[in-house]
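Undergrad: Pasted the sequence and its predicted model underneath.
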Amino acid sequence: MGTLFRVVLYAEDAQDGERAARAALERVAQLEQVLSDYREDSELAQLGRRSDAQAPTEWIELGADLERVLRAAQQLSELTDGAFDVTVGPVTALWRRARRQQELPRPERIELALAACGWEKLELDPAAPRARLLARNMRLDPGGIAKGFALDEALALLERAGFERAMVVGGGDVAVGRAPPGERGWRVVIAPFDDERERVELLLENRAVSTSGDAFQALELDGKRWSHIVDPRTGWALRSRTSASVIAPYATLSDALATALCVLGPDGLATLRHFDGVEGRVLREP
């Protein structure tokens with residue numbers, strides 16, 4: 001998934017703990033085979049290719065994991081008015097190319113890519129695990145939700161195995177279970193923009209926190225900065241340097257909402273009222 005995953009857990013037996021940690025990381029690897037938009041053999045990539053080969057009105061069967069992620073994504077797209085949108089794949093592909101070639105996408109290419117985007121163009125069957133993509137050349141990009149989902153799945157596997165005092169980390173996302181022995185929670189530090197002045201230390205139990213931002217990935221041309229984070233509604237990369245952090249009951253939610261808040265900015269904090277037990281912070285530089 002383009003990042004490193006780490007498992008920390010408390011166990012009475014070291015070998016049992018190591019086996020459980022390996023099983024959790026194997027679950028993450030399994031999900032990458034399903035959800036990666038970088039792997040040509042992933043179920044997600046195959047879904048896009050099949051939509052090109054079939055009429056847009058035809059249903060395509062989904063595996064259980066992909067279905068769960070897409071249903072969560074669609075709900076969050078609706079609640080954020082499209083600021084979070086997994087159908088943004090054609091646009092993010094343009095901006096990845098732009099960063100490689102150090103040149104901005106042409107406006108007409110962005111408009112063409114936008115025609116293949118839009119969460120309303122992804123239809124999920126409410127009665128069956130299947131989907132249809134209602135436009136040609138659609139590509140899904142779950143980069144703002146897949147890592148969170150993987151953390152939730154890894155933590156749930158550890159809890160089922162009897163390791164409730166555990167933490168799983170993937171990039172800017174952290175999911176924790178019960179507190180370590182003798183502690184009130186897991187200590188998690190957030191340092192937006194890698195700036196110690198904005199450093200915040202959290203104490204979390206049975207929670208998740210995600211931080212999304214463009215501290216390390218951006219395109220700089222002619223003195224102007226273009227983030228790797230794209231507004232799905234316009235197709236253009238963000239111009240203001242932004243960092244958003246969200247604490248939520250589970251990482252699938254915190255991951256997606258942190259992405260949405262980067263797009264919406266501080267005004268987007270009002271969106272969090274739709275969710276129980278969620279807190280957020282947005283920092284945006286001019």
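TA: Cool, the structure landed.

Undergrad: Need the residue closest to the centroid of the protein.
TA: Central residue of the chain (CA atoms, centre = their mean): Gly144, 2.1 Å from the mean position.

Undergrad: List the residues that contact that residue.
TA: Gly144 makes contacts with 84, 86, 212, 255-256, 258-260, as judged by CB atoms under 8 Å, 6 or more residues apart in numbering. No exception for glycine: its C-beta is placed from N, CA and C like everyone else's.

Undergrad: Repeat that for Val189.
TA: Contact analysis of Val189 by CB under 8 Å, 6+ apart lists 199-202.

Undergrad: Asp173 contacts Phe149, doesn't it?
TA: No - Asp173 sits out of contact with Phe149 when judged by CB atoms under 8 Å, with a separation of 9.8 Å.

Undergrad: what sits in contact with each of these two?
TA: Contacts common to Asp173 and Phe149, judged by CB under 8 Å, 6+ apart, are 251, 255.

Undergrad: What residues of stretch 178-194 count as buried?
TA: For stretch 178-194, burial by neighbour count (16 or more other CB atoms under 10 Å) applies to 178-180, 186, 188, 190, 192-193.

Undergrad: I'd like those residues as CSV, with secondary structure, distance to Leu94 and pLDDT appended.
TA: Compiled in CSV, the buried residues of stretch 178-194 are given as follows (DSSP: H, G, I helix; E, B strand; the rest coil; distance: CB to CB, whole Å; pLDDT from 0 to 100):
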residue, secondary structure, distance to Leu94, pLDDT
Arg178, coil, 44, 98
Ala179, coil, 44, 98
Pro180, coil, 44, 97
Trp186, strand, 39, 98
Val188, strand, 34, 96
Ile190, strand, 30, 90
Pro192, helix, 27, 77
Phe193, helix, 25, 71
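
Undergrad: In terms of secondary structure, what does the top helix by length along the chain contact?
TA: Counting by DSSP state H, the longest helix found in the chain is helix 14-35. On a contact count with 3 or more CB pairs under 8 Å, 6 or more residues apart in numbering; DSSP states H and E, helix 14-35 meets strand 5-9, helix 43-53, helix 64-79, helix 146-160, strand 166-170.

Undergrad: Need the residues that contact the first one.
TA: Under the criterion CB under 8 Å, 6+ apart, residues 17, 20-21, 24-25, 28, 150, 154, 158, 163, 165-170 lie in contact with strand 5-9.

Undergrad: what do you get if the cut-off is 6 Å, keeping everything else the same?
TA: With CB atoms under 6 Å, 6 or more residues apart in numbering as the test, strand 5-9 has contacts from 17, 21, 24, 28, 163, 166-170.

Undergrad: which one of the helices and strands packed on helix 14-35 lies closest to Asp231?
TA: Of all the helices and strands packed on helix 14-35, helix 64-79 sits nearest to Asp231, with 13.2 Å by CB to CB.

Undergrad: got the CA positions of that closest one in PDB?
TA: C-alpha atoms of helix 64-79 as PDB (Å, rounded to 0.1, in the frame of the first residue of the first chain):
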ATOM      1  CA  ALA A  64     -16.300  -9.500   0.500                       C
ATOM      2  CA  ASP A  65     -13.400  -7.100   1.400                       C
ATOM      3  CA  LEU A  66     -13.800  -4.900  -1.700                       C
ATOM      4  CA  GLU A  67     -17.500  -4.700  -1.100                       C
ATOM      5  CA  ARG A  68     -17.100  -3.600   2.500                       C
ATOM      6  CA  VAL A  69     -14.600  -0.900   1.500                       C
ATOM      7  CA  LEU A  70     -16.700   0.400  -1.300                       C
ATOM      8  CA  ARG A  71     -19.900   0.600   0.800                       C
ATOM      9  CA  ALA A  72     -18.100   2.500   3.500                       C
ATOM     10  CA  ALA A  73     -16.600   4.800   0.800                       C
ATOM     11  CA  GLN A  74     -19.900   5.600  -0.800                       C
ATOM     12  CA  GLN A  75     -21.500   6.500   2.500                       C
ATOM     13  CA  LEU A  76     -18.600   8.800   3.300                       C
ATOM     14  CA  SER A  77     -18.700  10.400  -0.100                       C
ATOM     15  CA  GLU A  78     -22.400  11.300   0.400                       C
ATOM     16  CA  LEU A  79     -21.800  12.700   3.900                       C
END
